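>>> Everything below, folded, please.
(one chain, ligands or ions: 1)
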Amino acid sequence: MTVRLADESRPSQQHRSQRTQTRFDLSLSENPFPPLPSVLRAVNGVLAHANRYPEFLPRRLPKLIASHVGVHSDQVVVGSGATGVAMQIIQALTTPGAGIVYGSPTFDGYPIMAEMAELDVVPVPLDAAGNQDLWAMARAVDKRTGLVVICRPHNPTGTVIAASELKAFLCSVPRRVPVILDEAYAEFLGPTDQVDTLALLDRHPNLLVLRTFSKAYGLAGLRIGYTFGRSELISRVRRLQLPFGVSSVAAAAVTASYAAEPELAARIMRITTQREALRSALLRRHIAVPRSYANFLYLTGPGVATALRRAGIAAKAYPDGSARIAVGDLEADNAVLRALESLR
Ligand SMILES: Cc1ncc(COP(=O)(O)O)c(C=O)c1O
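Have a look, this model is predicted:
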């Protein structure tokens, strides 16, 4: 069977009617573009052998990712999206009743996984500007803490903590407490906003960097994520690797994606340019939107989520009426602006 090649230069909303009856589904901070033709061709090639199992424990994919990141392959664990890998980290490194400290609100997966693993959640409110409050988080770490999560950029606000603050924070966390540095959106950061994760790993044996192919690489449906860290900690996480748990498609899709970095970079540029244009237009309409470094915007204020829903735009809604929307699809972005006209 061959997967039909989509028009690679256009954002796709073709799945929206399957998920909801909405006109635009911007609720999951997805990449609006369908996979590149070269990636689809690679995936198709592997599908022809789908009667065969993938590797018993993945070796090719960690090796590939390790050489791309600049670490040894025994420093990488791969899994079913960053979510699958985060769950593996939680199961490998924490025990029921331990505390998990994170900035709140955060990626929905963390409170869900914490409940599954019977962890005690310690949500630390974001500051007024939508940043993780690192000093409050440092104060929240105590002898019961089993895990700390820092997102950079943060979901849902898109904000980025300064590298210097991150460094100071990591120094304040006891070495027995693992820290996930969730970089699900790192590829959307400009070069000067990126943090030197390898240098951080040199200093912090308790650090695990978490990344995904769901966002900038646009492969959310294939479920490919990974973590890298010091080999001692990573070997504890790898012990829970599910046999045959990573599909053969994953290595093919990642190989093809790494080979297509220039095309993917062009898409990232389109998404971030579109993000800035939409944010400026929203600010002009007096809707407060923190500066975002990811592929989404966090529109604050009462009534935003409701106005979007009424206009047939699915957003991630928050209890105070704020909403997070994925960006990059010009048609959808214009619909957002029209939907919010009445809020002026
Ligand atoms: C901060 C953050 N981490 C992790 C994930 C999980 O990504 P995935 O499981 O698709 O790799 C997401 C998805 O929205 C996210 O926003």
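
>>> Could you use CA atoms for every contact and neighbour count after this?
Fine.

>>> State the distance from Ala114 to the ligand.
14 Å (Cα to the nearest ligand atom, to the nearest Å).

>>> hey, C-alpha coordinates of the helix or strand encompassing that residue in CSV?
Ala114 is located in helix 109-116, with elements delineated by DSSP states H and E. Below are the C-alpha coordinates for helix 109-116, written out as CSV (Å, rounded to 0.1, in the frame of the first residue of the first chain):
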residue,chain,number,x,y,z
GLY,A,109,0.7,14.7,30.1
TYR,A,110,2.6,15.4,33.3
PRO,A,111,-0.4,15.5,35.7
ILE,A,112,-1.9,12.5,33.9
MET,A,113,1.2,10.4,34.1
ALA,A,114,1.8,11.5,37.7
GLU,A,115,-1.6,10.1,38.6
MET,A,116,-0.9,6.8,36.7
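
>>> Flag every buried residue along that helix.
Neighbour counts over helix 109-116 (16 or more other Cα atoms under 10 Å) mark 110-111, 113-114 as buried.

>>> Moving C-terminal from that helix, which element do we reach first?
Later in the chain than helix 109-116, the nearest helix or strand by DSSP H and E is strand 120-125.

>>> who touches that next one?
With Cα atoms under 8 Å, 6 or more residues apart in numbering as the test, strand 120-125 has contacts from 96-105, 111, 114, 132-133, 136-137, 140.

>>> Report the contact partners of the closest residue to Gly218 other than its chain neighbours.
Nearest non-adjacent residue to Gly218, counting by Cα to Cα, 6 or more residues apart in numbering: Asn31, 5.1 Å away. By Cα under 8 Å, 6+ apart, the residues touching Asn31 are 214-218, 295, 326, 328.

>>> of those, closest to the ligand?
For the contacts of Asn31, the residue nearest the ligand by Cα to the nearest ligand atom is Ser214; the value is 4.8 Å.

>>> And for Leu26, the neighbour number?
Burial of Leu26 is recorded as 26 neighbouring residues (other Cα atoms under 10 Å).

>>> Then Gly70?
Using other Cα under 10 Å, Gly70 has 10 neighbouring residues.

>>> How about Arg239?
A total of 11 residues lie near Arg239 under the criterion other Cα under 10 Å.

>>> Please tell me how far the closest residue to it other than its chain neighbours sits from Gln75.
Leaving aside its chain neighbours, Arg239 sits nearest to Ala92 (7.6 Å; criterion: Cα to Cα, 6+ apart). Distance of Ala92 to Gln75, computed by Cα to Cα, to the nearest Å: 15 Å.

>>> And those two? Which one has more around it.
Counted by other Cα under 10 Å, Ala92 and Gln75 do not tie: Gln75 has more neighbours, with 22 against 18.

>>> And that one, its phi and psi?
Backbone torsions of Gln75, given as degrees, to the nearest 10, read phi -100, psi 10.

>>> Run a quick check on it versus Ile65, I expect a contact.
No. Gln75 lies out of contact with Ile65 (Cα atoms under 8 Å); the separation is 10.0 Å.

>>> and Thr197, how many neighbours?
15.

>>> ugh, wrong one, Leu64
There are 17 residues near Leu64, going by other Cα under 10 Å.

>>> from memory it sits against Ala253, does it?
No. Counting by Cα under 8 Å, Leu64 stays clear of Ala253, with 11.3 Å between them.

>>> Show me which residues of the stretch 1-150 of the chain sit near the ligand.
81-83, 107 (Cα under 6 Å from any ligand atom).

>>> top of those by neighbour count?
Result: Ala82 is most packed of these (other Cα under 10 Å), 25 neighbours.

>>> what's the closest non-adjacent residue to Leu64?
Excluding the flanking residues, the one nearest Leu64 by Cα to Cα, 6+ apart is Thr255, at 7.5 Å.

>>> how close does the one you found get to the ligand?
Taking Cα to the nearest ligand atom, one finds Thr255 at 17 Å from the ligand.

>>> show me where the stretch 1-150 of the chain has strands.
According to DSSP state E, counting those that start in this stretch, the stretch 1-150 of the chain carries its strands in the segments 24-25, 76-79, 99-104, 120-125, 145-151.

>>> among the ones you listed, which is the most enclosed?
strand 76-79 (a mean of 28; mean count of other Cα atoms under 10 Å).

>>> which stretches of the stretch 151-300 of the chain form strands?
179-182, 207-212, 225-229, 296-299.

>>> give the contact list for Ala251.
Ala251 makes contact with 60-61, 64, according to Cα under 8 Å, 6+ apart.

>>> can you do 6 Å?
Counting by Cα atoms under 6 Å, 6 or more residues apart in numbering, Ala251 makes contact with Leu61.

>>> roughly how far apart are it and the ligand?
With distances taken as Cα to the nearest ligand atom, Ala251 is found 15 Å from the ligand.

>>> Report the residue spans of this protein with pLDDT below the cut-off.
For the chain, applying pLDDT under 70 flags the ranges 1-10, 12-21, 344.

>>> if we go to 80?
Along the chain, the model assigns pLDDT under 80 to residues 1-21, 342-344.

>>> what's the closest non-adjacent residue to the residue minimising distance to the centre of the chain?
Centroid check for the chain by Cα atoms, centre = their mean gives Ala184 as the closest residue, at 2.8 Å. Once flanking residues are discounted, Ala184 sits nearest to Arg211: 4.7 Å by Cα to Cα, 6+ apart.
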